[in-house]
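>>> sequence and predicted model, in that order:
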Amino acid sequence: MPYFKKRPVKIEAQRYTGTNGVELATWIGLGKVILGADGLLYLDGNGGTMTAEAGDWIIKLDEDDFEVCPKTSFEKLYTEIEEVEA
């Protein structure tokens, strides 16, 4: 039986701190983000509305699509790299 492993993929991501909602809204697109009075960030993505709490990461999938990744999952899956030209 053959085995496979994922190819390394460089991603662009920013962490939601609970206070950088305006910065994230500018990065994602002003019409796609709602900053809730409850401190949560609501993100309209291709898969529907996602909720981010402080500590979660927002991952850019492509030019117009983003997803929320919980802090614990992000730390298991990704490690920071130096920016390298593709």
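On my side now, so go ahead.
>>> for the residue nearest the centre of the chain, helix, strand, or coil?
When Cα atoms, centre = their mean is applied to the chain, the residue found nearest the centroid is residue 58 (1.4 Å). Per DSSP: H, G, I helix; E, B strand; the rest coil, the secondary structure class of residue 58 is strand.
>>> how much space between it and residue 23?
11 Å (Cβ to Cβ, to the nearest Å). To be clear about C-beta, it is placed using only N, CA and C from the backbone, and glycine gets the same treatment.
>>> find the residues that touch each one of these two.
residue 14 (Cβ atoms under 8 Å, 6 or more residues apart in numbering).
>>> how about low-confidence regions in this protein?
84-86 (pLDDT under 70).
>>> would you state the helices of it in chain order?
For the chain, the helices defined by DSSP state H occupy 21-28, 71-77.
>>> winner for burial among these?
Greatest average neighbour count among the helices of the chain goes to helix 21-28 (a mean of 16), per mean count of other Cβ atoms under 10 Å.
>>> ok, residues contacting that helix?
When contacts are defined by Cβ under 8 Å, 6+ apart, helix 21-28 is touched by residues 14, 16, 32-33, 35, 41, 43, 58, 66.
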